[in-house]
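Student: based on what follows, work out the 3D shape:
(chains A, B, C and D)
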Amino acid sequence: MFLPLDQAIGDLLNDGDSVAFEGFTHLIPFAAGQETIRQGKRNLELIRMTPDLIYDQLIGAGCARRLVFSYGGNPGVGSLHRFRDAIEHDWPAPLELEEHSHAGMVNRYVAGAAGLPFAVLRGYAGTDLPQHVEVAEIECPFTGERLSAVPAIRPDLTVIHAQQADRRGNVQLWGIPGVQKEAVLAADRSLVTVEELVDEIELKPGGVVIPHWAVTAISHVPGGAQPSYTDGYTTRNNDFYREWDEISRDRDRFLRWLAAEGLADKAEVAR
Amino acid sequence: MFLPLDQAIGDLLNDGDSVAFEGFTHLIPFAAGQETIRQGKRNLELIRMTPDLIYDQLIGAGCARRLVFSYGGNPGVGSLHRFRDAIEHDWPAPLELEEHSHAGMVNRYVAGAAGLPFAVLRGYAGTDLPQHVEVAEIECPFTGERLSAVPAIRPDLTVIHAQQADRRGNVQLWGIPGVQKEAVLAADRSLVTVEELVDEIELKPGGVVIPHWAVTAISHVPGGAQPSYTDGYTTRNNDFYREWDEISRDRDRFLRWLAAEGLADKAEVAR
Amino acid sequence: MSAFDPAELMTVAAARELRDGQSVLVGVGRPSHAAILAKRTHSPGLILVYESGTIDTDPENIPLSIGDPELAATSVSTVSLPDIFNYWLQPGRIDAGFLGAAQIDRHGNLNTTVIGGYDHPKVRLPGAGGAPEIARSCSEIVVTLPHSKRTFVEGLDFTTSLCRGEGGSMAVVTDLAVLRTSDRHDELELTETFPGVSVEDVLEATSWELKVAPEVSTVAEPSDRELEVLRSLGSKPKAVR
Amino acid sequence: MSAFDPAELMTVAAARELRDGQSVLVGVGRPSHAAILAKRTHSPGLILVYESGTIDTDPENIPLSIGDPELAATSVSTVSLPDIFNYWLQPGRIDAGFLGAAQIDRHGNLNTTVIGGYDHPKVRLPGAGGAPEIARSCSEIVVTLPHSKRTFVEGLDFTTSLCRGEGGSMAVVTDLAVLRTSDRHDELELTETFPGVSVEDVLEATSWELKVAPEVSTVAEPSDRELEVLRSLGSKPKAVR
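Tutor: Numbering: from 1, shown residues only, chains lettered A, B, ... in the order given. Have a look, this model is predicted:
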């Protein structure tokens, strides 16, 4: 279960898979996402509440066929330009959208983790979202009240970043926990990149443990959430989030960045 | 929001109310339950997954009209004799039952906490439970699969025991967390008895915090979970759990115990 | 009274919508400035909640992202996303919510999804995020957006979030005025103008025939204390957001 | 080979149903003894889960309640009840489950609710607890109960838990024999008898015409090691549970 990152992505992620790289504003698995670009994966269905820079990079590099999401912005900065370019101008390829609200996405993961085919929530009614995405009306069998139902998400693979794994493969994360536990449990396979390998997990305040038998593979990748951050290990590189606005605004500038980072060259993106 | 226990029970719990004293095998709010007997509350709808000794005492003392539950045993020991006597022989009064499975009760609390009228789960189908309790079949609008729906629980009052409250009324509990957070959030009013008042909550490993504005009242009751226990403060009195089997087996012996504990005399129980 | 710009008054006016003891769902940008300003001036007991799951937080610095480490470090409780959306937001446990928008209509419905058609839009906006559930769950909504015919439109290109209507209220704070929902009808009405702004100015910046309250007052200029605290927060929010 | 009583062999036989690396949902009483015995003998990698939310626990002492402090103290993770039921049990993430019962029928359905009618029963039993969801979610179920016509009945007074049937298996360990579900039909069949117990003895203690496997073997007596570990656990489970 302990694999180098390149082997883990190579083994667990196939072209055409649905894959969730989760982490809400914290613990975003950037290293795994960039390894995905480096390996030139294609036709992925990318699932993530907040695409953030990590999916801007994957989309711009031509890895994605479809995006399942609820908020596509660069937090506190502005637009995700590669995301916009794909939707507005089909560059580098058309991007199919499956677009929900946050509460919808959250509950879709919850249903997936719970082994249920759908989840119930209040929301969607009266908005234009249901015209573009699979949402159903459902009636409470006791009160007759009408609510919304959303289908479960079951990614082929979920990738998250966490602080620690122990020898047996138990994982611990703390700080803002987001929806990572649910995303891992909802998936067919899971990969966790971690800052640190420890002999045994010692529970931290706010610690969320994912027991070893719910995890497929673990890769030791210190700093694997940068430019996002890992509570207790690394800090958020706010400057890079701002800088990305410039890098990503222009196709050529973005392609140069991809090449400079050793992720992909221009010919590969256009492939 | 900080009240002595007798005042809190007096103010927050009315005859005829539905009330959940929650705590799954840990942090069972015995002191609050016994104060309820002492005040001679009547016609309560008692809600609790595992009635345990606390409801055996309340039922035997004549406080209950109705019981909403999923497992009525003395854990590791055997029967709850007052519970059995009420059901088998209407003593001291008939006891109406609303009987679910654990997963059903859990999800009923979850729905209550989430402001939803019902919850969906796999279960009940083919068992005899739905013949005696409100469970509905519900169809997944996406897959057509048939699942079970259970109505939300919304107690008038939820009572729990926790380790700590701070000056502002934020509550922290740790150890086996059960379904207490959900039970508090599902209720119209809530009372938390705590072992300790602290200046400020310091989050513990496994700590669950209930923010102050979701709590109606707090009573400082050290040892308030005995003979159950409070992780970090008191230990479980297993001997009393065994002894209860003898005390509760016989009506007179039970009545003598009630009187000796200063909870109620025989005339009051028969009232 | 110090000199100030309309963007500052917009933040100050938004802050004034909050009341002590309320819980408020905050986002980054102007909402964070307004909420923290309120907490440091008239509402020290304001409970700040970010949709990242940080409950009752008290950041020293303005966060860039709603998941900034400081929000978790200073929170009374940090919970998962299922918790924040299902146990806190959905049942109405959070009193007030801040929203922005690219377009608003006469009913207070909001668009944060696209300008133009949904497929190949002219401008692809970030999308819903938690806005639809904030709009329907919080009983008081404060919207901040710049006032122009481009933003105050006759018909939304996409309805992302619905104005809650009965049982709730909405205040729309722009760089010209404050508009509010009313019991008299289901449209926003102009209730306050910024100093130096006339009712006519506001009507002209609005695409539909804006209803005007029987009495329109003038928003008080920022006090020295408000400006001092606001400016101490740093990283000024953009006028247009 | 030391002397042993049938109650001990029952626990040992139940323990032998578990396999290394499996996760198992354990209750108090015989299930705890059997699971801890298995973990300390043939299956050191057995993952013990209690429905109180303690995951992968390794208690030194036999717990009286499923919420004993030691279970939480020695667990890798202690989660809430919504977590354990919705995220762990319901999706089938726990391989095996232990159940007891007052009555069992030929299909492996169980009654833990009432003896007699539901209203004013002759004996009011504890009720369902988590049994229905364990029975439907775990792919391998081990039932332990004493063998008699009173417990092995033609018709249940109340159907509390359903035998899962296809995709799952059930082993019923009594103080006389082991019965198992079979691919050949939807009834339990006798597959092993305890030493000194004949097939006839088992048929006579069963109310229905019990199916018998083509080959019936004899349960191996407890090894010295099994007895030694079992007896070291203390607080012997009752023969009848």
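Student: helix, strand or coil for residue C:7?
Tutor: helix (DSSP: H, G, I helix; E, B strand; the rest coil).
Student: and residue 135, how many neighbours does it have?
Tutor: No chain specified, so I'll use chain A. 23 (other Cβ atoms under 10 Å in any protein chain shown). Bear in mind the C-beta positions are built from the backbone N, C-alpha and C, glycine included.
Student: not quite, I wanted chain C
Tutor: Residues lying near residue C:135 (other Cβ under 10 Å) number 26.
Student: got it, and residue A:137?
Tutor: 12.
Student: list the contacts for the residue nearest to it when sequence neighbours are not counted?
Tutor: Excluding the flanking residues, the one nearest residue A:137 by Cβ to Cβ, 6 or more residues apart in numbering or on different chains is residue A:146, at 5.5 Å. By Cβ atoms under 8 Å, 6 or more residues apart in numbering or on different chains, the contact set of residue A:146 is A:125, A:137-140.
Student: near chain C, which residues of the stretch 151-271 of chain A show up?
Tutor: Those residues of the stretch 151-271 of chain A that sit near chain C, judged by Cβ under 8 Å from any Cβ of the partner chain, are A:175-179, A:181-182, A:206, A:208, A:229, A:231, A:235-236, A:238, A:241.
Student: now with 10 Å?
Tutor: Selection of the stretch 151-271 of chain A residues close to chain C by Cβ under 10 Å from any Cβ of the partner chain yields A:174-183, A:205-206, A:208, A:228-232, A:234-236, A:238-239, A:241-242.
Student: list buried residues within those.
Tutor: Those of those that meet the buried threshold are A:174-183, A:206, A:208, A:228-231, A:234, A:236, A:238, A:241, by 16 or more other Cβ atoms under 10 Å in any protein chain shown.
Student: now, which of those residues lie within strands?
Tutor: Counting by DSSP state E, these place residue A:208 in strands.
Student: wouldn't residue A:213 be in contact with residue A:169 here?
Tutor: Yes: here residue A:213 reaches residue A:169: they are 8.0 Å apart, a contact under Cβ atoms under 10 Å.
Student: what touches both of these two?
Tutor: The contact sets of residue A:213 and residue A:169 overlap at residue A:1 (Cβ atoms under 10 Å, 6 or more residues apart in numbering or on different chains).
Student: what's residue A:53 in contact with, if anything?
Tutor: By Cβ under 10 Å, 6+ apart, residue A:53 lies in contact with A:28, A:30, A:33, A:74-75, A:77, A:80, A:82-83, A:227-228, A:240-241, A:244-245, A:247-248.
Student: dump the residue contacts of the residue in chain A positioned nearest to chain C.
Tutor: Chain C sits closest to residue A:25 of chain A, with a gap of 2.1 Å, by Cβ to the nearest Cβ. Listed by Cβ under 10 Å, 6+ apart, the contact set of residue A:25 reads A:49-50, A:52, A:75, A:176, A:178, A:228-229, A:236, C:28, C:50-54, C:63-69, C:71-72.
Student: among those residues, which are located in helices?
Tutor: Cross-referencing the contacts of residue A:25 against helices under DSSP state H gives A:52, C:69, C:71-72.
Student: if you count neighbours, what's buried in the strand of greatest length in chain C?
Tutor: For chain C, the longest strand by residue count, based on DSSP E, is strand C:211-218. The neighbour-count check on strand C:211-218 (16+ other Cβ under 10 Å) flags residue C:216 as buried.
Student: ok, residues contacting that strand?
Tutor: C:106, C:177-180, C:182, C:184-185, C:187-199, C:202-203.
Student: just checking: what are the partner strands of it?
Tutor: Strand C:211-218 sits in its sheet next to strand C:189-193 (parallel), going by DSSP bridges.
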